[in-house]
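**Student:** build me a model from this:
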Amino acid sequence: MHNRRVAVTGLGVLTPIGNNTNDFWQALKEGKSGAGPITYFDASNFATQFACEVKNFNVEDYIEKKAARRMDPFTHYAIATAIMAMEDSGLNLENEDKERIGVVFGSGIGGMDTFEKQVIAFLDGGPRKISPFFVPMMISDIAAGQISIKYGLKGPNYATTSACATSSHALADAFFLIQRGSADIIVTGGSEAAITQMSIGGFNASRAISTWNDRPTEASRPFDKDRNGFVMGEGGGVLILEELEHAKARGANIYAEIIGAGLTGDAFHVTAPPPEGEGAFRSMREALRDGGIKPEQVDYINAHGTSTPLNDENETAAIKNLFGEHAYKMAISSTKSMTGHLLGAAGAVEAVVTVLAIKNSFVPPTINLDEPDPLCDLDYTPKVGKERNIEYAISNTFGFGGHNASLLFKKYNG
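**Tutor:** Next comes the predicted model:
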């Protein structure tokens with residue numbers, strides 16, 4: 001069944017720089033930053049007082065008020081982006097076999113906001129103050145479950161959790177399931193809503209996030225010599241993956257094809273990448289092998305590019321080691337410079353970016369790249385995006401724990 005081709009036929013995103021695909025893409029082209037002061041809680045005692053929050057999102061545009069109260073924000077984001085992607089796909093579910101449609105959807109952290117609030121309720125009032133909805137609001141698989149319930153989708157249904165690689169793993173699994181014939185369509189992606197006191201405090205304690213409180217919009221600066229940590233983001237992304245012949249038969253709009261996935265483990269350290277980004281090197285190599293293309297055919301890489309000292313150097317080394325001289329001919333960018341790091345949702349949102357870059361023949365920029373780290377000497381599309389024909393593109397995500405995922409997309413030429 002490996003010869004079943006897989007198309008991308010629907011997109012949905014909710015991000016700190018745009019609450020739908022069109023607004024998001026326009027903001028990416030313009031190089032907008034989504035960073036600003038944290039509004040969800042009083043952050044004045046925290047080392048980091050800013051993040052990339054979703055703005056002007058009204059959950060009742062997507063979910064009835066009573067139902068929304070029984071869901072964590074990460075599930076709100078999941079359902080909203082699934083609705084957008086389903087509408088974009090043009091699927092008429094009355095004409096489809098719902099046993100052949102699945103949901104693979106992940107969250108790196110899940111219901112952190114719910115967990116914190118319920119712990120406070122317990123400490124204030126004891127066990128009787130714990131909500132009966134606590135567990136089904138908090139667990140990270142519940143977004144996948146809620147999406148399937150909403151649409152009655154009875155195919156493969158589960159969640160992935162692998163830190164920052166979470167939703168890239170979801171997409172890879174969805175791709176594999178359709179390839180092997182286990183489903184014809186999968187709603188896939190990830191969401192995260194972890195701008196909370198414990199998350200910010202925890203990442204501060206591990207010195208992972210930037211503390212540039214006086215200039216938040218400049219704080220996410222992948223590959224720049226002055227980078228000092230990532231900027232927390234939130235939101236969600238969904239892609240509708242569909243078997244190509246099925247998509248063609250219903251006259252679907254095809255954005256691109258997904259043709260390869262490379263999944264590897266560092267087996268090295270809890271948070272640090274191995275020297276020369278050895279795990280990242282192998283994940284990109286495996287994606288190319290899976291897709292059956294040569295390194296010199298790749299035109300664009302949407303880098304993991306977190307704006308942390310170790311990640312950016314090692315990802316650069318991995319790209320140079322795999323692509324050789326061609327590394328200097330490719331366009332690379334880190335859209336985390338604009339969105340911040342969406343943790344478990346990063347892979348899905350950046351897969352959407354990669355697909356739109358292919359579709360629109362445009363490479364979004366890496367903003368805030370004022371002076372590259374001497375070890376980061378590739379074309380990271382600094383400051384301003386550029387037009388470029390993109391036939392093949394890779395989206396990279398690498399997670400705490402040593403989880404690496406590289407997804408390979410191809411222009412659809414009919």
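
**Student:** the spatially closest residue to Ile109 that is not a sequence neighbour: neighbour count?
**Tutor:** Excluding its sequence neighbours, the residue lying closest to Ile109 (C-beta to C-beta, 6 or more residues apart in numbering) is Ala194, at 4.6 Å. C-beta: built from backbone N, CA, C; applies to glycine. Counted with other C-beta atoms under 10 Å, the neighbours of Ala194 add up to 26.

**Student:** again with Ile200
**Tutor:** 23.

**Student:** tell me the buried residues in the helix or strand harbouring it?
**Tutor:** Using DSSP states H and E, Ile200 sits within helix 197-205. Buried residues in helix 197-205, counted by 16 or more other C-beta atoms under 10 Å: 197, 199-200, 203.

**Student:** now do stretch 296-307
**Tutor:** Neighbour count says stretch 296-307 has 298-307 buried, by 16+ other C-beta under 10 Å.

**Student:** from the chain's centre, how far out does it sit?
**Tutor:** Mean-position distance between stretch 296-307 and its chain equals 14 Å (C-alpha atoms, centre = their mean, to the nearest Å).

**Student:** likewise for stretch 404-411?
**Tutor:** Per C-alpha atoms, centre = their mean, the centroid offset for stretch 404-411 relative to its chain is 13 Å.

**Student:** same thing with stretch 89-102?
**Tutor:** 24 Å.

**Student:** would you mark the buried spots in that stretch?
**Tutor:** Here stretch 89-102 shows 89, 91, 96, 100-102 as buried, counting by 16+ other C-beta under 10 Å.

**Student:** before we move on, the earlier item: save the buried residues of helix 197-205 as TSV, and put in distance to Thr9 and pLDDT too.
**Tutor:** Formatted as TSV, those follow (distance: C-beta to C-beta, whole Å; pLDDT from 0 to 100):
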residue	distance to Thr9	pLDDT
Gln197	40	98
Ser199	34	98
Ile200	37	98
Phe203	36	98
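
**Student:** kindly reformat those residues as JSON lines containing distance to Phe223.
**Tutor:** Shown next, in JSON lines, are the buried residues of helix 197-205 (distance: C-beta to C-beta, whole Å):
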{"residue": "Gln197", "distance to Phe223": "30"}
{"residue": "Ser199", "distance to Phe223": "25"}
{"residue": "Ile200", "distance to Phe223": "24"}
{"residue": "Phe203", "distance to Phe223": "20"}
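
**Student:** need the max-distance pair from those residues.
**Tutor:** When C-beta to C-beta is used, the two most widely separated members of these are Gln197 and Phe203, lying 11.3 Å apart.

**Student:** strands along this protein, start to end?
**Tutor:** Along the chain, the stretches classed as strands by DSSP state E are 6-14, 36-37, 50-51, 101-106, 157-158, 185-192, 235-243, 256-265, 300-302, 331-333, 362-363, 386-387, 392-399, 403-410.

**Student:** what's the domain layout of the protein?
**Tutor:** As assigned by automatic domain parsing, the chain contains the domains 6-249, 263-410.

**Student:** and the last one, how far from the chain's centre?
**Tutor:** Going back to what we said before, that points to domain 263-410. Relative to its chain's centre, domain 263-410 lies at 13 Å (C-alpha atoms, centre = their mean).

**Student:** ok, now the longest one?
**Tutor:** Put simply, domain 6-249 sits 8 Å off its chain's centre (C-alpha atoms, centre = their mean).

**Student:** who are the contact partners of the closest residue to Asn360 other than its chain neighbours?
**Tutor:** Leaving aside its sequence neighbours, Asn360 sits nearest to Trp25 (C-beta to C-beta, 6+ apart; 7.4 Å). Taking C-beta atoms under 8 Å, 6 or more residues apart in numbering as the criterion, Trp25 is in contact with 18, 356, 360.

**Student:** what helices or strands is the lengthiest helix in the chain leaning on?
**Tutor:** In the chain, with assignment by DSSP state H, the single longest helix is helix 73-89. In terms of contacts (3 or more C-beta pairs under 8 Å, 6 or more residues apart in numbering; DSSP states H and E), helix 73-89 is packed against strand 6-14, helix 112-125, helix 142-151, strand 185-192, strand 235-243.

**Student:** can you do 7 Å?
**Tutor:** strand 6-14, helix 142-151, strand 185-192, strand 235-243 (3 or more C-beta pairs under 7 Å, 6 or more residues apart in numbering; DSSP states H and E).

**Student:** which one of these has the most crowded surroundings?
**Tutor:** strand 185-192 (a mean of 34; mean count of other C-beta atoms under 10 Å).

**Student:** quick one: list the elements packing against it.
**Tutor:** Packing partners of strand 185-192 (3+ C-beta pairs under 7 Å, 6+ apart): helix 73-89, strand 101-106, helix 166-179, strand 235-243, helix 346-360.
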